[in-house]
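Novice: Pasting a predicted model and its sequence here:
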Amino acid sequence: MGELQKTMESQVVKEVRDTMRESIVAHVYSFPPSSRYTRRKEQGGLLDYKNMPYKVSRGSNSVAINLKNDTRASTMSFKNVANIVETGKGYTWTTSEYYRKEHMGDPVARKFTMPTAIKLQTSKRHVDALKKGLRNKGITVT
């Protein structure tokens, strides 16, 4: 594995995950929780790195990270919590405010992936992490 790949998988992925976590806190956890569930956050929830799998791929002149939030409703469920939160559709607790709004035609979508992408695009934190990581390995970066 080359230095670029190592740097992408360590510093850059961490920066992207941290940015996603910030977006989740700002755009999801700023809304009140349903009284029926406890937010798992870093312990198996939306903020858990284990629920943010990634793949680094290289092209002839490019490197890309594909990262998603793959949080499940439970270990026995195939329901993707991130998708439910992003769309506001798929809630099953009938006493939940989110369920009620969804079934009245006014789902509460709490989008965090697009704000993550926008934040990275404007701040270039992931690019800075790549440059810093490569420089720390003695590679000249302009």
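Specialist: All right, it came through fine.
Novice: ok, now how distant is the residue nearest the centre of the chain from T94?
Specialist: Nearest residue to the geometric centre of the chain (C-alpha atoms, centre = their mean): M20, 4.1 Å. Using C-beta to C-beta, to the nearest Å, one obtains 30 Å as the distance from M20 to T94. (C-beta placed from N, C-alpha, C; glycine too.)
Novice: Could you do R21 as well?
Specialist: Distance from R21 to T94, by C-beta to C-beta: 30 Å.
Novice: And the two? Which one has more around it.
Specialist: For R21 versus T94, neighbours defined as other C-beta atoms under 10 Å are more numerous around R21 (21 against 9).
Novice: Give me the neighbour count for the nearest residue to that one once chain neighbours are set aside.
Specialist: Nearest residue to R21, sequence neighbours excluded (C-beta to C-beta, 6 or more residues apart in numbering): L47, at 5.2 Å. As a burial measure, L47 scores 22 neighbours (other C-beta under 10 Å).
Novice: what helix or strand is Q121 on?
Specialist: Assigned by DSSP states H and E, Q121 belongs to helix 113-123.
Novice: list the buried ones in that helix?
Specialist: 113, 115-116, 119-120 (16 or more other C-beta atoms under 10 Å).
Novice: now it, how far from the centre of its chain.
Specialist: Helix 113-123 sits 11 Å away from the centroid of its parent chain (C-alpha atoms, centre = their mean, to the nearest Å).
Novice: On the C-terminal side of it, identify the next helix or strand.
Specialist: helix 125-136.
Novice: can you list contacts of that next one?
Specialist: By C-beta atoms under 8 Å, 6 or more residues apart in numbering, the surrounding residues in contact with helix 125-136 are 3-4, 7-8, 10-12, 14-16, 19, 65, 119-120, 141.
Novice: Derive a PyMOL selection command for the buried subset of those residues.
Specialist: To isolate the buried ones among the contacts of helix 125-136 in PyMOL, judged by 16+ other C-beta under 10 Å, type:
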select buried, resi 4+7+8+11+12+15+16+19+65+119+120
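Novice: Tell me which two in the contacts of helix 125-136 are the farthest apart.
Specialist: The span of these, defined through C-beta to C-beta, is set by E3 and K119 at 26.5 Å.
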